[in-house]
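# Provide a 3D model corresponding to the input given below.
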Amino acid sequence: MEIGISSFLTDYSVDVAVVAKRAEELGFSTLWVPEHSILPVNTDSPWPGSADGKVPKVYADIVDPFIALGRASAVTTTIKLGTGICLVPERNPLILAKEVATIDMYSKGRFQFGIGAGWLREETEIMGGDFPHRWAQTREAILAMKQLWTTVESEFHGKYYDFPPVYSFPMPVQRPHPPVLLGGMAKNVFKRIVEYGDGWMPNRVTPEDIKKGRAALDEMADAAGRDPKSIQIMVFGQKADRDLLNALEEAGADGVAVRLETGNEEEALERMEKMAEVVL
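Residues are numbered from 1 along each chain as shown. Below is the predicted model:
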């Protein structure tokens with residue numbers, strides 16, 4: 001099972017290049033960074049990560065994931081680099097497809113495209129997304145990007161995105177494209193993964209959740225004529241607990257990302273050393 005690191009990186013935290021280089025040296029397999037382009041000052045949307053629903057301040061502070069991972073790719077050679085997660089309805093797929101392909105090119109095929117549709121209504125709407133139908137919009141964006149990644153003269157005609165034949169280069173190193181991993185526990189997440197994704201990237205789950213999810217994905221993939229082994233499960237944002245990771249692997253997880261708390265360089269490197277001792 002692949003074991004990686006996920007972290008909220010900011011202008012006051014350790015440099016992503018330092019994290020990536022040391023994580024690779026320690027033997028971590030993946031590095032994941034999140035996305036929130038903006039955080040509205042006033043919001044009624046509850047944060048799903050706590051009982052009081054208050055959004056942590058760090059959500060307003062995080063850096064752009066693609067620039068961060070591009071920086072990380074320059075100082076590493078083997079560690080996989082992923083968005084955890086990219087908020088697809090908040091981005092134009094014509095630009096996003098080029099960003100994904102470019103980072104995959106510069107990293108020599110190490111990019112992992114973790115995606116989501118977002119939970120913060122105000123943010124999605126400010127950024128131009130259709131919050132009530134954000135997963136339908138996300139689906140269209142992914143299908144449009146697959147055209148851009150795999151055809152020389154690419155075109156797409158949908159409700160949210162509509163463009164005539166265009167050239168879009170570079171193409172990704174990974175063929176046909178980097179793996180698309182869908183985050184979350186939404187009602188239709190498995191259906192969406194089987195239709196247009198390559199994996200499931202849940203957060204705040206138990207080994208039992210993973211066991212049930214693996215069974216559901218296998219069954220639905222078989223019914224769709226798809227090889228269940230083509231769908232991976234990357235469990236996101238977990239504690240650095242060896243017993244937990246073993247249980248997740250036994251339940252069917254192919255990978256786990258453990259949380260590296262936001263901190264300065266000294267704090268981050270010390271935490272990474274301790275995490276490596278526990279889980280690697």
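
# for the helix or strand of the chain with the lowest mean pLDDT, C-alpha coordinates in CSV please.
Sorted by mean pLDDT, DSSP states H and E, the helices and strands of the chain end with helix 58-61, the least confident at a mean of 91. Provided in CSV are the C-alpha atoms of helix 58-61 (Å, rounded to 0.1, in the frame of the first residue of the first chain):
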residue,chain,number,x,y,z
VAL,A,58,-6.1,27.9,7.4
TYR,A,59,-8.6,27.4,4.6
ALA,A,60,-8.2,31.0,3.7
ASP,A,61,-4.4,30.8,3.8
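
# quick check: buried residues in it?
For helix 58-61, the neighbour count (16 or more other CB atoms under 10 Å) marks 58-59, 61 as buried. (C-beta placed from N, C-alpha, C; glycine too.)

# and the residue nearest to Thr78 when sequence neighbours are not counted, its phi and psi?
Closest residue to Thr78 apart from its sequence neighbours, by CB to CB, 6 or more residues apart in numbering: Glu24 at 6.0 Å. When read as degrees, to the nearest 10, the backbone of Glu24 gives phi -60, psi -40.

# ok, now Gln112?
phi -120, psi 120.

# the residue nearest to Asp15 when sequence neighbours are not counted: how many residues sit nearby?
The shortest distance from Asp15 to any non-neighbouring residue, by CB to CB, 6+ apart, is to Glu265 (6.9 Å). Neighbour count of Glu265, defined by other CB atoms under 10 Å: 13.

# show me what contacts Glu265?
Going by CB atoms under 8 Å, 6 or more residues apart in numbering, Glu265 touches 14-15, 18.

# what about the spatially most central residue of the chain, which SS state?
Taking CA atoms, centre = their mean, the centroid of the chain lies closest to Gly114, which sits 2.3 Å from it. Of the three states, Gly114 takes strand according to DSSP: H, G, I helix; E, B strand; the rest coil.

# then Trp47?
Assigned by three-state DSSP, the conformation of Trp47 is coil.

# number of nearby residues for the closest residue to it other than its chain neighbours?
Sequence neighbours aside, Val55 is the residue nearest to Trp47 in space, at 4.5 Å (criterion: CB to CB, 6+ apart). By other CB under 10 Å, 19 other residues sit near Val55.

# same check on Tyr161?
So Tyr161, with other CB under 10 Å, has 16 neighbours.

# can you report phi and psi for it?
Backbone torsions of Tyr161, given as degrees, to the nearest 10, read phi -130, psi 130.

# close enough to count as contact, it and Glu140?
Yes: between Tyr161 and Glu140 there is a contact under CB atoms under 8 Å: 5.4 Å.

# show me what contacts the closest residue to Ser230 other than its chain neighbours?
Nearest non-adjacent residue to Ser230, counting by CB to CB, 6+ apart: Asp198, 6.9 Å away. Neighbouring residues of Asp198 by CB under 8 Å, 6+ apart: 179-181, 230-232.

# check which helix or strand covers Gly53.
Using DSSP states H and E, Gly53 maps to neither a helix nor a strand.

# please name the nearest non-neighbouring residue to it.
Nearest non-adjacent residue to Gly53, counting by CB to CB, 6+ apart: Pro46, 3.1 Å away.

# what's the spacing between that neighbour and Pro34?
18 Å (CB to CB, to the nearest Å).

# okay, helices next: where are they in this structure?
For the chain, applying DSSP state H gives helices covering 16-26, 58-61, 65-74, 93-106, 121-126, 134-150, 189-196, 207-223, 242-251, 265-279.

# now the contacts of Asp198 in a markdown table, with distance to Ser50, pLDDT and neighbour count?
As requested, the contacts of Asp198 are arranged in a markdown table below (distance: CB to CB, whole Å; pLDDT from 0 to 100; neighbours: other CB atoms under 10 Å):
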| residue | distance to Ser50 | pLDDT | neighbour count |
| --- | --- | --- | --- |
| Pro179 | 30 | 98 | 19 |
| Val180 | 29 | 98 | 21 |
| Leu181 | 24 | 98 | 28 |
| Ser230 | 35 | 97 | 11 |
| Ile231 | 30 | 98 | 22 |
| Gln232 | 29 | 98 | 20 |
